[in-house]
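Peer 1: Structure for the following, please:
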Amino acid sequence: MVTTLASIFLTYTIEKRIPLIALYVTFLTLIFGYMTLHKHNIRFLQIRDTIYDITLAITILLGFFWNKNVLKIALGSVIPLSDRVWNYLAFSWAGFFIVVACINEYVRRMYPIHTWLDYKIVMMFVTSIFGITILYYFNSRDLKSKK
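Peer 2: Numbering: from 1, shown residues only. This next block holds a predicted model:
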């Protein structure tokens, strides 16, 4: 919880703005962190991950309902890509978040806490590899189609 607040402070100090996703993560972390400490039950932090993943997927998909690409809005100034690539990425991430939320719930309910912690460590790597792979794949495919 302290680290999340520190990252918000550092981001604001460096960039003079706070990204909405960082505020959202901080909000969830503080709420579920407080509940975990207050009730002395780590299950609240485990549930936080499921809620986080599902709400991100829903947000991305709702963005398309309103003809907005939430990923492009959030990251478009940092990563210049075509609208087509942004759409592929957004749908891929929405699907990824849904799958990860389902897996998190399964592991949370069926296995002891140490197994869930191992799962979280593995998922950090899987998420990074997934993000890099789909970005490379869709961007290179888009560049080839323009030739």
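Peer 1: Quick one: residues contacting residue 41.
Peer 2: By CB atoms under 8 Å, 6 or more residues apart in numbering, residue 41 lies in contact with residue 35. All C-beta spots, glycine's among them, are computed from the backbone N, C-alpha and C.
Peer 1: Phi, psi for it please.
Peer 2: phi -140, psi 110 (degrees, to the nearest 10).
Peer 1: going forward, begin numbering at 862 instead of 1
Peer 2: That works, and once the first residue is 862, the last one we named lands at residue 902.
Peer 1: Could I get the buried residue list for the longest helix along the chain?
Peer 2: Secondary structure of the chain per DSSP state H: the longest helix is helix 974-1007. Within helix 974-1007, the residues that count as buried by 16 or more other CB atoms under 10 Å are 977, 980, 984, 991, 995-996, 999-1000, 1003.
Peer 1: Check which helices and strands that helix is in contact with.
Peer 2: Applying 3 or more CB pairs under 8 Å, 6 or more residues apart in numbering; DSSP states H and E, one finds that helix 974-1007 makes contact with helix 904-926, helix 944-971.
Peer 1: Going by mean pLDDT, which of those comes out lowest?
Peer 2: Mean pLDDT values for the helices and strands packed on helix 974-1007 show the minimum at helix 904-926, a mean of 92.
Peer 1: just to revisit the earlier point, now do the longest helix of the chain against helix 904-926, angle only.
Peer 2: With axes from the mean of the first three to the mean of the last three CA atoms, to 10 degrees applied, the angle from helix 974-1007 to helix 904-926 works out at 20 degrees.
Peer 1: re the thing from before, turn the helices and strands packed on helix 974-1007 into JSON lines, including distance to residue 876 and mean neighbour count.
Peer 2: Output for those, formatted as JSON lines (distance: least, CB to CB, whole Å; neighbours: other CB atoms under 10 Å):
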{"stretch": "helix 904-926", "distance to residue 876": "21", "mean neighbour count": "17"}
{"stretch": "helix 944-971", "distance to residue 876": "22", "mean neighbour count": "17"}
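Peer 1: can you list the ones you listed in CSV and add distance to residue 886?
Peer 2: What follows is the helices and strands packed on helix 974-1007, written out as CSV (distance: least, CB to CB, whole Å):
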stretch, distance to residue 886
helix 904-926, 7
helix 944-971, 13
